[in-house]
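1. generate coordinates for the sequence data below:
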Amino acid sequence: MSVLIRDSEPSQTEWNRKARDATNRLTRRLAGCGTTAERPAKAVTGQMYYDTSLGKPVWRHASGVWKDAGGGTV
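-> Prediction:
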């Protein structure tokens, strides 16, 4: 079985690119990323944030501080 793709329909490569871009935008919004100074002030416990100053993800701890994957306060 073959599928005819019309000129007005995006190619599979274009569709994949758009899906990847949308996923990346959603991930950045849900997880957040930026410098240490830009960390959200009203983060909830367990919230992940990719700290570009440190070059690694950090998580909001129940005590209100940010911790890295090793458990160190950052």
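
2. what about the protein, any weak spots by pLDDT?
-> 1-10, 25-31 (pLDDT under 70).

3. okay, and Lys67 sits in which element?
-> Assessed by DSSP states H and E, Lys67 sits inside strand 66-68.

4. what is the neighbour count of Asp51?
-> 20 (other CB atoms under 10 Å). From N, CA and C alone the C-beta is placed, and that goes for glycine too.

5. in the chain, which spans are strands?
-> 33-34, 48-51, 56-60, 66-68 (DSSP state E).

6. please render the ones you listed as a markdown table that adds distance to Ala22 to the earlier fields.
-> Output for the strands of the chain, formatted as a markdown table (distance: least, CB to CB, whole Å):
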| stretch | distance to Ala22 |
| --- | --- |
| strand 33-34 | 16 |
| strand 48-51 | 18 |
| strand 56-60 | 21 |
| strand 66-68 | 28 |
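
7. between these, which gets nearest to Thr13?
-> With CB to CB as the criterion, Thr13 lies closest to strand 33-34 of the strands of the chain, at 26.6 Å.

8. what helices or strands is the closest one leaning on?
-> strand 48-51 (3 or more CB pairs under 8 Å, 6 or more residues apart in numbering; DSSP states H and E).
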